[in-house]
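In: What would the 3D arrangement of this be:
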Amino acid sequence: MSRRSRAREVALQTLYRMEVSGGESADLEAAHRFHKGRLQSAPLIAFADALVEGVLTSQADLDAVIDAKSQNWRLSRMAATDRAVLRIAAFELLHSDTPGPVVIDEAIDLARRYGSEASSRFVAGILGGILQDHDGRPRPAAG
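Out: Presented below is the predicted three-dimensional model:
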């Protein structure tokens with residue numbers, strides 16, 4: 001697993017924990033401490049922090065984009081792990097200069113590791129639709 005892949009995995013764990021705790025753990029300082037304990041380098045900690053903060057800041061917009069691409073599935077009915085993977089990847093697709101195919105491959109790997117048997121195909125389909133609509137230029141993070 002690459003170092004940035006590991007940072008994405010830790011960000012996924014953070015967002016999942018925040019969601020299942022009902023948002024009570026949406027404390028960015030606690031998230032930073034968690035990232036610092038799991039990751040070894042400052043750039044990776046900063047990357048995981050940026051993913052979590054970006055998802056939390058842009059969540060309503062990300063959810064609208066994901067919801068528009070998920071045929072016959074409302075976001076609220078998706079597994080929490082799939083939602084977190086999709087939010088991280090949608091944030092990266094829309095607000096970073098990471099190449100779209102790299103973002104999608106990373107998301108598929110996370111979905112395969114943490115989701116159900118069908119999660120990787122589900123995630124790939126939604127993210128493929130988002131990438132197809134995206135003009136290829138990074139947009140500044142909301143906030």
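In: Ala68 sits in which helix or strand?
Out: Using DSSP states H and E, Ala68 sits within helix 42-69.
In: mean confidence for that helix?
Out: Averaged over helix 42-69, pLDDT sits at 96.
In: now swap in stretch 104-122 and tell me
Out: For stretch 104-122, the mean pLDDT works out to 96.
In: Work out for me the element Arg121 sits within.
Out: Arg121 belongs to helix 119-133, assigned by DSSP H and E.
In: Could you give the separation of that helix from the chain centroid?
Out: Taking the mean of its C-alpha atoms, helix 119-133 sits 13 Å from the chain's own mean (C-alpha atoms, centre = their mean, to the nearest Å).
In: Just give me the residue right at the centre of the protein.
Out: Centroid check for the chain by C-alpha atoms, centre = their mean gives Ile88 as the closest residue, at 1.3 Å.
In: list the buried ones in the helix or strand hosting that one?
Out: For Ile88, the host element (DSSP H and E) is helix 80-95. Neighbour-count burial for helix 80-95 flags 81-95 (criterion: 16 or more other C-beta atoms under 10 Å). Backbone N, C-alpha and C define where each C-beta goes, glycine included.
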